[in-house]
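Give me the fold of what follows.
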Amino acid sequence: MRARRSVAVLSGATLAITLAMAGSGALSTANADGPTWLPSGILTLSTSSGASSGDGWTYSDGTTTSLPQVLTTPTGSCVLTPAGGPLVNLSATNGVPGFASHSIGVTQTATSSLCNKVNINKTTTKTSKGTPVTTTTVESLTVAINNSTTGGLYDPTFGGFMATSTHLDLELRDDSTVTAQLFDHGVALPTASGVFTLIADEDAPPATLPDHTKYCRTSTDEDGYDYTGKRDNCGWDIAPGLNFDSVVLTPVAGSFSLEGGGDYGSTAAANRTTFTLVKKYDGTLAKCDGTSSATTFGSGSVIGATLTRLANNDPTQACAPLPYTLATSGGYTTFHKPQPTGDTSQFAIAVTRHWALAPNPVPAAQVNWEDGLPGDDGLGNHTLQWCVLGAIGGVAANTDPNLTAYVPTNIASPLPPAATDQSPDALAGKPGLQYACIYKQSPVFNLGDGSLTQTDYIYFTGDIKFPTA
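Residues are numbered from 1 along each chain as shown. Below you'll find the predicted structure:
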């Protein structure tokens, strides 16, 4: 299985098909329903209180949790160092990210009593003549998911993760107002869906509030902060209806700190700062009857490929909608899907290649199971063979079913073990979860110009991959 970062795990093995193509071209995906975003885990900021430590960011995909991105400062300084890491990058306006008393803020100096607060600062300059001049600077704190290609929240198959919502644990001075502006890769979301406001005050809330505004009634006064209790903390839920990957927090009045549940004592875990993350699929295959499909087009030797979802190998499994990716990256066209244990989804794909001058011999399709084994060529590739008689509903080698209408029946379950099934599943004694074979080839040779167009019809279970170079 292809190595991936521990925080971006794709469950299930991967089947790769090498078609030894003569050129590479960017392929696009045609599907009826467009992109699908699916849950990919939770990003969490945890802070403690008192003399304890353990402040930092973690990511969990529901099965494993990443090592923490620890929040630290150098001895004698309150400047957060480093401000970024594999999970989150913090930055500031009119200062740099600061950290003290288990709280994140903004500071201008290495040692400041307010380095863990995001403030509105006023500086008065006295002049020799005339009225003193007061300058106001407003700090802001930016929290950005590290979904860059080198970040921990990036997957080479699905791209960078995005957030659908966030729960922010803020400690606020009484009579404070904070705005949150959401961004998607540096572009601000529209004001109607991307700007939110939080008002914190010890007084009773007003009868009505503007849209996207939350009122938080605190139980502390305006003269100080409750550093070890929840009386001046507010939980702020933001769900814009659009995906985002960073948020800029700015005080309109008063000041605030970003925390992660530490002031809540025994209920800290339920009051962390969190971001709910998703990853992108190209679409959803809705049916298991040979009518739900997706197509890629491109240049180079691959001029098109059509993938069709077939009936489940196990007829007792319900036909649930199946998200998928069908994309080109790193020289490969890949088909991926979530693959739970025991998945028996089946597919057929027709891959059409074209050569301006027919090669002799025609490069054979190959299977690469990405299991670390050398394969036939030392690179992990295995030559793809004809389907074994009886493997897919009695279809013998080189028969001619109509691909888009073909629905296998009487499928062996599990599929018969064969030398063509070189997947890790088969080698581990579990054939049928991963399998691939060619059931038809359709070469068309043009005598006039010597070109060759060939379509390979491939039956498979599992995930599949086509290099384009």
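
contacts, neighbours, all on C-alpha from now
Noted.

so the closest residue to Phe99 other than its chain neighbours, which of the three states?
Once its chain neighbours are removed from consideration, Phe99 has its nearest residue in Asn116; the separation is 5.0 Å (CA to CA, 6 or more residues apart in numbering). For Asn116, the assignment made with DSSP: H, G, I helix; E, B strand; the rest coil gives coil.

Run a quick neighbour tally on Asn116.
The tally of other residues near Asn116 (other CA atoms under 10 Å) stands at 25.

wait, isn't it in contact with Ser103?
Yes - at 5.5 Å, Asn116 counts as touching Ser103 under the criterion of CA atoms under 8 Å.

Give the residues shared as contacts by those two.
Common contact partners of Asn116 and Ser103 (CA atoms under 8 Å, 6 or more residues apart in numbering): Ser257.

The closest residue to Val70 other than its chain neighbours bridge partners, please.
In space, Val70 comes closest to Gly56 once its chain neighbours are excluded; the distance is 4.2 Å by CA to CA, 6+ apart. With DSSP bridges applied, the residues forming beta bridges to Gly56 are Ser46, Val70.

now do Val138
Using DSSP bridges, the beta-bridge partners of Val138 come out as Ile120.

ok, it to Ala200 distance?
The gap separating Val138 from Ala200 is 18 Å, by CA to CA, to the nearest Å.

Among these two, which residue is more densely surrounded?
For Val138 and Ala200, the more surrounded residue by other CA under 10 Å is Ala200, and the numbers stand at 27 against 17.

where's the more buried one, which helix or strand?
When secondary structure is defined by DSSP states H and E, Ala200 falls within strand 195-201.

Let me see the domain layout of this structure.
When the chain is parsed into structural domains using automatic domain parsing, the resulting residue ranges are 16-35+282-467, 38-280.

Show me what the mean pLDDT comes to for the first one.
Domain 16-35+282-467 shows a mean pLDDT of 64.

Repeat that for stretch 41-55.
Confidence over stretch 41-55 (mean pLDDT, whole number) is 90.

Please look at Thr276 and Ile42 and confirm they touch.
Yes - here Thr276 reaches Ile42: they are 4.9 Å apart, a contact under CA under 8 Å.

Can you show me the helices along the stretch 101-250 of the chain?
191-194 (DSSP state H, counting those that start in this stretch).

which stretches of it have low pLDDT?
By pLDDT under 70, the low-scoring segments of the stretch 101-250 of the chain are 124, 157, 220-229.

Could I get the full set of strands for it?
Residue ranges of the strands in the stretch 101-250 of the chain, as given by DSSP state E, counting those that start in this stretch, are 103-107, 120-125, 133-138, 140-145, 154-155, 159-160, 162-172, 176-184, 187-188, 195-201, 213-217, 233-238, 246-253.

Just want the angle from the third one to strand 120-125.
When you say that, I think you mean strand 133-138. For strand 133-138 against strand 120-125, the angle between stretch directions is 160 degrees (axes from the mean of the first three to the mean of the last three CA atoms, to 10 degrees).

Could you do the fourth one as well?
Orientation of strand 140-145 against strand 120-125 (the same axes, to 10 degrees) gives an angle of 140 degrees.

Tell me the helices and strands packed up against strand 140-145.
Contacts of strand 140-145 with other secondary structure elements, assessed using 3 or more CA pairs under 8 Å, 6 or more residues apart in numbering; DSSP states H and E, are made with strand 88-93, strand 103-107, strand 246-253.

which parts of it are buried?
Judged by neighbour count using 16 or more other CA atoms under 10 Å, the buried positions of strand 140-145 are Ser140, Leu141, Thr142, Val143, Ala144, Ile145.

From one end of stretch 115-134 to the other, what's the distance?
Stretch 115-134 stretches 22 Å from its first residue to its last (CA to CA).

Please point out which parts of that stretch sit buried.
Taking 16+ other CA under 10 Å as the criterion, stretch 115-134 shows Cys115, Asn116, Lys117, Val118, Asn119, Ile120 as buried.

from the middle of its chain, how far away would the strand or helix carrying Leu307 be?
Secondary-structure assignment from DSSP H and E places Leu307 in strand 302-309. In this view, strand 302-309 has its centroid 25 Å away from the chain centroid, taken as CA atoms, centre = their mean, to the nearest Å.

ditto for stretch 153-169
Once both centres are worked out by CA atoms, centre = their mean, stretch 153-169 turns out to sit 5 Å from its chain's centre.

Then stretch 278-297?
For stretch 278-297 - counting by CA atoms, centre = their mean - the centre lies 18 Å from the chain centre.

then that stretch to CSV, C-alphas only?
The C-alpha atoms that make up stretch 278-297 are tabulated as CSV, following Å, rounded to 0.1, in the frame of the first residue of the first chain:
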residue,chain,number,x,y,z
VAL,A,278,-13.4,16.9,5.3
LYS,A,279,-11.6,15.6,2.3
LYS,A,280,-12.7,15.9,-1.3
TYR,A,281,-14.0,13.1,-3.6
ASP,A,282,-14.8,13.7,-7.3
GLY,A,283,-18.3,12.3,-7.0
THR,A,284,-20.6,9.5,-5.9
LEU,A,285,-21.5,6.2,-7.7
ALA,A,286,-25.1,5.8,-6.7
LYS,A,287,-26.1,2.4,-8.1
CYS,A,288,-24.8,-1.1,-8.3
ASP,A,289,-26.6,-2.1,-11.6
GLY,A,290,-24.1,-1.1,-14.3
THR,A,291,-25.7,2.3,-14.8
SER,A,292,-23.6,4.5,-12.5
SER,A,293,-20.3,5.5,-14.1
ALA,A,294,-17.6,8.1,-14.5
THR,A,295,-15.4,9.0,-17.4
THR,A,296,-11.9,10.5,-17.8
PHE,A,297,-10.5,12.2,-21.0
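
got the end-to-end distance for stretch 336-352?
Separation of the first and last residues of stretch 336-352 by CA to CA is 20 Å.

From Thr123, how far off is the spatially most distant residue from the centre of the chain?
Outermost residue of the chain with respect to the C-alpha centroid, by CA atoms, centre = their mean, is Lys129; its distance is 59.9 Å. Relative to Thr123, Lys129 is positioned 18 Å away (CA to CA).

what do you get for Trp57?
Between Trp57 and Thr123 the distance, using CA to CA, works out to 34 Å.

Then Leu87?
Leu87 sits 36 Å away from Thr123, going by CA to CA.

got it, and Ala436?
Following CA to CA, the distance that separates Ala436 from Thr123 is 71 Å.

again with Val96
Noted for Val96: a distance of 18 Å to Thr123, by CA to CA.

which ones are touching the closest residue to Leu285 other than its chain neighbours?
If the residues on either side of it in the chain are set aside, Leu285 comes closest to Leu322, at 5.0 Å by CA to CA, 6+ apart. Contacts for Leu322 (CA under 8 Å, 6+ apart) come out as Thr284, Leu285, Ala286, Lys337, Pro338.

Need the three-state assignment for Ser257.
When the structure is reduced to helix, strand and coil (three-state DSSP), Ser257 reads as strand.

show me the contacts for it.
Taking CA under 8 Å, 6+ apart, we find Ser257 in contact with Ser103, Ile104, Gly105, Asn116, Lys117, Val118, Leu170, Glu171, Leu172.

Hmm, Ala200 and the last one touching each other?
Just to be clear, that refers to Leu172. Yes - contact status for Leu172 versus Ala200: in contact at 6.9 Å, counting by CA under 8 Å.
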